[in-house]
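Participant: Please work out how this folds:
(one chain, ligands or ions: 1)
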Amino acid sequence: MSAFDSSFGKSSVGESSVNDSAADAVVEHPRPPRREFKARGSFVTRCDHCQLPVLNCLCPYQVKAESHAQVWLLTHPLEHFKPTNTGRLIRDVITTTQVFTWYRVAPDAQLAALLKDPRYVPFVIFPDDQPDYADRVVGIDAVHAAKAQARIPVFIILDGTWRQARRMFRKSAYLDGLPVLPLKSERETRYRLRKPASKAHLCTAEVAIELLRQGGDTVAADVLDDYFEVFNDSYAASRLHHKIDPPTATMQRLAKQRAGDSEPGHPGAHRGA
Ligand SMILES: [Zn+2]
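Facilitator: Below is the predicted model of the structure:
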């Protein structure tokens with residue numbers, strides 16, 4: 001499996017019907033579109049908090065976890081309102097996660113400031129298969145080195161379809177000075193909500209899970225993995241108007257952790273087993 005295949009995935013080629021010129025028109029707009037994305041199933045009653053159909057609300061399984069590394073999502077404007085977007089799962093679990101809207105011309109002002117902040121060591125997550133930026137490519141050891149220097153590694157994940165992510169990488173001059181970290185993983189996608197071009201195309205949450213795990217944040221990776229699985233199962237079941245009952249083993253594990261987290265003095269999320 002090549003890094004090219006494993007790094008990105010949104011694979012949502014089949015679901016996105018917007019062409020590039022329309023995408024650019026949106027990108028030039030100062031804010032994301034206000035309208036909701038009209039995806040399949042948009043007539044369904046959704047939970048205000050987790051955006052899932054109320055039939056399989058995700059809220060009882062939302063567990064927080066702490067990580068040393070951070071994830072900053074650079075989200076394509078057309079991705080923001082898609083209920084199948086998995087980038088938001090990362091923010092649900094890891095509260096330090098930052099979400100920025102991608103603009104072609106200039107970075108989000110807060111992102112621009114953070115990129116200059118010496119506490120952070122940001123990495124752009126992107127495949128390493130093209131020669132013109134080979135001098136910027138680093139391995140996961142650079143993440144461990146940043147931690148050893150008491151700095152905070154940051155995974156900047158380009159959140160969009162593969163095609164959008166490539167445009168974001170190529171057309172954002174403010175990312176040009178950053179090291180490029182390709183994800184090396186043998187994991188095959190478990191994402192069921194969009195048709196992947198390849199099993200090696202991981203969705204955004206899966207990319208974060210693998211990076212966190214490889215970077216040593218195994219507890220956060222495990223919690224996010226569970227939460228992603230529950231999201232994936234719940235959403236897929238909802239499309240069939242099926243309520244998952246009784247809860248799966250993963251649901252039960254998260255619900256138990258969530259109950260533990262709400263007890264006074266509990267140190268934080270952890271695996272029950
Ligand atoms: Zn909910």
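
Participant: starting at the chain centroid, how far to the host helix or strand of residue 163?
Facilitator: According to DSSP states H and E, residue 163 maps onto helix 162-171. Relative to its parent chain, helix 162-171 has a centroid offset of 16 Å by C-alpha atoms, centre = their mean, to the nearest Å.

Participant: now stretch 83-101
Facilitator: How far stretch 83-101 lies from its chain's middle: 6 Å, per C-alpha atoms, centre = their mean.

Participant: And for stretch 73-83?
Facilitator: For stretch 73-83, the separation from the chain centroid amounts to 10 Å (computed by C-alpha atoms, centre = their mean).

Participant: what residues are up against the closest residue to residue 119 other than its chain neighbours?
Facilitator: Spatially, and ignoring its direct neighbours in sequence, residue 119 is nearest to residue 152 (5.7 Å; C-beta to C-beta, 6 or more residues apart in numbering). The way it works is simple: take the backbone N, C-alpha and C, and place the C-beta from them, glycine included. Counting by C-beta atoms under 8 Å, 6 or more residues apart in numbering, residue 152 touches 68-70, 119-121, 146.

Participant: The helix holding residue 163 - contacts with which helices or strands?
Facilitator: Packed against helix 162-171 by the contact rule (3 or more C-beta pairs under 8 Å, 6 or more residues apart in numbering; DSSP states H and E) you find helix 20-28, strand 152-159.

Participant: mean pLDDT for those: which is lowest?
Facilitator: The stretch with the lowest mean pLDDT among the helices and strands packed on helix 162-171 is helix 20-28, at a mean of 40.

Participant: List the neighbours of whichever helix or strand comes after it that are in contact with it.
Facilitator: On the C-terminal side of helix 20-28, the closest following helix or strand by DSSP H and E is strand 70-75. For strand 70-75, contacts defined as C-beta under 8 Å, 6+ apart pick out 85, 87, 90-91, 94, 96-102, 111, 114, 120, 122, 152-160, 168, 172, 204, 208, 211-212.

Participant: What of stretch 237-249?
Facilitator: 40-41, 44, 52-53, 55-56, 230, 233-234, 251, 255.

Participant: Check stretch 170-182 too.
Facilitator: For stretch 170-182, the surrounding residues in contact (C-beta under 8 Å, 6+ apart) are 3, 7, 74, 102, 104, 106-107, 111-112, 115, 122-128, 133, 136-140, 142-143, 155-156, 168-169, 211.

Participant: Pull out the buried residues from stretch 131-141.
Facilitator: Of all the residues in stretch 131-141, those buried under the rule 16 or more other C-beta atoms under 10 Å are 136-137, 140.

Participant: Likewise for stretch 193-200?
Facilitator: Neighbour-count burial for stretch 193-200, counted by 16+ other C-beta under 10 Å, picks out 193-194, 196, 199-200.

Participant: Return the member of those nearest to the ion.
Facilitator: residue 193 (16.5 Å; C-beta to the ion).

Participant: Please name the nearest non-neighbouring residue to that closest one.
Facilitator: Nearest residue to residue 193, sequence neighbours excluded (C-beta to C-beta, 6+ apart): residue 84, at 4.3 Å.
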